[in-house]
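[1] what shape does this take:
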Amino acid sequence: MDTDTDISHTKTSSSVEHLQKRIARLRGLAKKYKRSEIIQNALLGISNIATQVASLDDFYQRVHLNLQQLIPAENFFIASQDPKTGLTSLPFFADQQDSHPTELYPDQEISALLNSGLTGYVLRNGEPLLCDDNKFNQLIASGDIKSLGSPCHQWLGVPIKNQDVVSGVLVVQSYNEANTYGELELELMGFICHHISGVMERLQHHQQLEQAIVERTKELSQAYEKVKIEVKERVKAEKLQRTLFEIADLSASNVLQQDFYPRLHNIISQLIPAHNCFISLINDNNTLSFPFYVSQMAAEYPASRPMQDGLTEYILDHKLPQLLSAKDIAQMVDRGEIYAKSPELNKTNRMHQWIGIPLIINGDIAGALTIYSLDDDHIYQLKDLELLTFVSQHMANAIERKLATESLKNSHEQLEDKVVKRTQALAELNNNLQQEINQRRKIEDQLLHDAQHDGLTGLPNRSYLIERLSQALKHLRRHGLDQFALLFIDLDRFKVINDSFGHLEGDRFLIETAQRIKSCIRDNDTLARMGGDEFVILLDSINATEDAVEVCERILQTLSMPYQLAKQEFISGASIGVAFSGRNKLVTSESLLRDADAAMYQAKANGKGCFVIFDDKLSAQSQQQHALEIDFKKALDQQEFQIRYVEVVDFTTGEIIAIEPQVEWHHPEQGIIEHVKMKHLAVQYQLTLNLDGYMFAHLNDQFQSLKQQYGADVHFHLSICSQHIKNKFVLRNLKNTIKNSNIDLSKLMLFFNEKALVQDTENHINGFEIISQLGVLIGIDGYGTGYSSLSCLSFLPIQALKLDEDISKHLLNDKQLQLVRAYQLTAATLQFDMYATTVDTQQQVRQFLALGYVRGQGRALSKLFCEKKPYISCA
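    Next up is the predicted model:
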């Protein structure tokens with residue numbers, strides 16, 4: 001029985017609990033439906049607001065009131081971003097905790113302030129943000145925002161978008177932990193943002209329409225005013241035009257001079273009151289005359305007078321129209337600008353206003369028009385000055401015509417006497433003109449000849465030869481059985497002539513050589529000088545190879561005959577390369593020259609004084625040179641070159657005063673390629689800048705270790721090419737490389753070649769000035785080749801000279817020794833350090849010491865002092 005009772009009681013309790021849960025769920029649903037109804041009504045109210053409001057400010061106020069019915073929105077603001085300027089503003093702001101940002105941060109610009117906080121974060125990302133303390137601290141730590149205003153419990157911001165472009169942010173804040181935001185609030189805020197965007201677009205369109213109406217109304221009003229002004233101006237222009245016509249008619253009439261100026265005055269008086277008026281003209285003897293004068297102060301014409309310092313002269317000197325009041329004139333008198341030297345001319349004490357306008361004839365000041373008033377019955381204004389200035393131009397033309405007519409009348413009687421003389425002079429002039437035309441034709445022919453010929457020998461130059469070669473190749477394509485040959489001639493020992501006998505004798509040598517070669521060829525052959533000691537012969541229409549061989553032998557024999565230079569006998573010679581036209585159907589002018597040049601170099605390699613004909617073997621050598629170029633570029637890119645350091649030694653103490661990096665290359669097939677050939681290869685392959693950069697980078701990397709090995713006082717010499725200073729961009733790269741290096745710049749001396757200096761002195765001077773400002777020392781190497789003058793060296797910011805490498809090889813006679821001694825004396829006079837180079841033997845050491853040299857570098861010096869400071873070989 002008890003058991004049944006318990007079961008019944010349990011069932012009753014379960015039913016009660018189930019009913020209570022259903023009641024709770026029904027209450028929750030009722031509350032939810034009630035809230036949904038409130039939300040729906042509020043959203044409908046916001047939708048109605050969006051269609052009713054006339055301005056955004058009204059819309060923001062009413063949206064805020066409706067939003068407070070849905071979520072805690074006591075702290076609410078709207079940020080707007082202008083799409084054109086990108087500036088952010090706060091069109092609506094309500095906050096119980098903080099004042100408006102402009103009051104909190106009065107010294108900061110509101111746009112930058114908003115963009116640095118959470119508002120700017122939403123503007124940039126374009127996504128809604130629900131931010132609590134943790135999220136806020138994360139954003140500050142990452143640097144995305146800055147902390148602004150008082151801390152809040154939660155911050156909810158939703159972007160306002162117009163066609164996917166963010167135009168603002170809608171924000172609510174909660175400072176009370178009891179008020180929290182969630183997904184529902186996000187959705188509500190998004191709905192409101194959508195309506196704000198629509199209202200903004202509609203109101204903007206409405207504002208644009210109203211603005212367009214206002215602007216159109218303004219345009220119509222302005223057009224009306226413009227029409228009124230145009231009518232007034234047209235009446236004024238017609239009056240002015242009538243005046244100008246009258247002036248033109250007056251200038252063309254035959255009226256006498258005594259009537260001309262009064263009628264001119266009457267015309268002016270139609271435009272402006274001119275009771276006091278006079279015209280002044282400058283005469284040839286620098287005096288002023290007054291052909292017209294009317295005044296209420298005096299009836300007599302003023303007499304002509306010399307130029308002084310009156311008001312008229314003031315206008316003539318300043319060449320500008322002036323409108324002056326009595327006060328202006330008085331101040332000018334007080335300052336001594338007028339009437340200081342001629343106070344007797346001052347009649348301005350009764351004048352009220354004064355207008356002076358210069359009269360310009362043929363671009364020169366010829367006189368002045370002056371109008372003045374004695375009372376204020378009529379006040380002159382700037383427009384009167386402008387009007388008279390315009391009319392004065394036509395008056396000046398009329399006066400010029402009148403003066404010209406008078407002058408023509410006066411000179412007419414003299415004209416007949418001069419006709420005969422002019423006719424005779426014209427005949428003589430025609431004769432001179434014909435002679436000048438003939439002379440000019442000769443000059444043009446000479447200029448054309450000079451452009452195509454060498455100035456020293458008179459032979460055709462490279463451009464003429466290329467043109468002649470092109471013609472020969474065109475002829476060859478039309479007549480396939482014809483053949484021609486190209487001979488490339490390089491003279492032997494030409495540099496010795498310049499070094500030993502001077503450039504004047506070198507020029508004489510080239511002239512005689514050209515004559516000798518020309519005697520060996522036919523009249524239809526072309527002999528051209530390519531520059532320096534190189535000549536090229538185009539043997540036209542040869543029958544066989546033997547024809548070219550015969551010419552080569554004749555040239556070699558002729559050039560081997562002794563020369564008389566500076567009263568001394570000198571033996572020269574030549575190396576000749578020969579290329580024939582029929583080897584390749586794709587031959588060009590440049591390829592023929594290249595083949596002949598390659599054959600010439602092979603002749604020089606065979607011992608000089610001979611000729612070589614270009615063949616397949618030489619072509620293979622050319623290919624080998626091309627392969628070497630590829631290997632060179634690859635080795636440079638992969639930094640496979642080695643750097644060794646050459647010591648610069650003091651001859652007297654044995655101290656190493658400087659070291660110079662030199663590059664060499666262990667080629668897998670050709671073996672070791674030394675520094676000099678490496679520099680030549682770099683020039684040939686146009687990689688001198690790259691090779692210089694390679695050596696500078698190596699010196700920069702090894703600077704500290706080199707300073708420890710050689711001591712802190714050792715200097716560093718680096719020879720670089722002049723291309724570094726021929727272009728402003730390359731010069732800028734060199735400057736930046738030097739500035740960013742680890743090298744002590746006061747110990748670094750950059751050497752530039754003397755020959756390149758002479759060829760482009762201006763760029764070198766500019767480059768030296770820029771480099772020396774960095775603290776780098778500058779020197780000239782390759783010195784002694786005879787290119788630079790003492791005057792050139794004297795104004796350059798250089799500290800040292802380094803002899804050319806070939807000079808030490810030619811210390812053979814007294815004249816050469818005296819020349820090298822002169823180099824040392826030149827350096828001592830200009831206070832330059834002088835360095836000898838390629839000192840390879842003990843005899844050369846003794847010779848340089850005897851000539852006054854105390855510094856140098858070379859193999860002999862390295863052997864003498866190798867125990868102290870051996871070379872450094874670095875990969």
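[2] which SS state does Val214 fall under?
    helix (DSSP: H, G, I helix; E, B strand; the rest coil).
[3] and Arg493, how many neighbours does it have?
    14 (other C-beta atoms under 10 Å). C-betas here are computed from N, CA, C, even on glycine.
[4] I meant Glu238, not that one.
    Glu238 - counted by other C-beta under 10 Å - has 10 other residues nearby.
[5] in the stretch 101-250 of the chain, where is pLDDT below threshold?
    For the stretch 101-250 of the chain, applying pLDDT under 70 flags the ranges 236-237.
[6] helices along that one, start to end?
    For the stretch 101-250 of the chain, the helices defined by DSSP state H, counting those that start in this stretch cover 101-104, 110-115, 118-125, 133-141, 183-252.
[7] also the stretch 701-850 of the chain?
    Counting by DSSP H, counting those that start in this stretch, the helices of the stretch 701-850 of the chain are 703-710, 728-739, 754-759, 761-772, 790-794, 814-829, 842-850.
[8] can you give me the buried ones in the second one?
    Residues of helix 728-739 classed as buried under the neighbour-count rule (16 or more other C-beta atoms under 10 Å) are Leu731, Leu734, Lys735, Ile738.
[9] and for that helix, what are the contacting residues?
    Contacts with helix 728-739, where a contact means C-beta atoms under 8 Å, 6 or more residues apart in numbering, come from 689, 693, 696, 723-725, 745, 748, 767, 770-771, 774, 776.
[10] cool, the longest one as well?
    The set of residues external to helix 814-829 that reach it, using C-beta under 8 Å, 6+ apart, is 499-500, 783-784, 790, 793, 801, 803, 807, 810-811, 832-834, 847, 851-853.
[11] avg pLDDT for stretch 393-402?
    Per-residue pLDDT values over stretch 393-402 give a mean of 79.
[12] now the buried members of the contacts of helix 728-739.
    Leu689, Gly693, Phe696, Gln723, His724, Ile725, Leu748, Gly767, Ile771, Val776.
[13] just the helices from the stretch 551-700 of the chain, written as ranges.
    Using DSSP H, counting those that start in this stretch, helices in the stretch 551-700 of the chain cover 589-605, 616-637, 675-684, 688-701.
[14] quick check: the spatially most central residue of the chain vs Asn736, distance?
    The residue lying closest to the centre of the chain (C-alpha atoms, centre = their mean) is Lys728, at 9.7 Å. Separation of Lys728 from Asn736 (C-beta to C-beta, to the nearest Å): 13 Å.
[15] repeat for Pro460
    46 Å.
[16] quick one: strands adjacent to the longest strand anywhere in the chain?
    Identified as the longest strand of the chain according to DSSP state E is strand 656-667. Sheet pairing of strand 656-667 (DSSP bridges) gives strand 642-650 (antiparallel), strand 671-673 (antiparallel), strand 715-719 (parallel).
[17] the ones you listed: which one's closest to Leu118?
    strand 715-719 (58.7 Å; C-beta to C-beta).
[18] how big is the angle separating that closest one from helix 703-710?
    Taking axes from the mean of the first three to the mean of the last three C-alpha atoms, to 10 degrees, one finds strand 715-719 and helix 703-710 inclined to each other by 120 degrees.
[19] off-centre distance for strand 715-719?
    33 Å (C-alpha atoms, centre = their mean, to the nearest Å).
[20] what does that strand contact?
    648, 657-661, 692, 695-696, 699, 703, 706, 743, 747-753, 777, 779, 781, 802.
[21] circling back: can I get the strands paired with strand 656-667 in a markdown table with mean neighbour count, distance to Ile511 and mean pLDDT?
    Formatted as a markdown table, these follow (neighbours: other C-beta atoms under 10 Å; distance: least, C-beta to C-beta, whole Å; pLDDT from 0 to 100):
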| stretch | mean neighbour count | distance to Ile511 | mean pLDDT |
| --- | --- | --- | --- |
| strand 642-650 | 21 | 41 | 93 |
| strand 671-673 | 12 | 38 | 90 |
| strand 715-719 | 21 | 35 | 95 |
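[22] quick one, domains of the chain?
    1-38, 53-211, 253-412, 462-614, 633-874 (automatic domain parsing).
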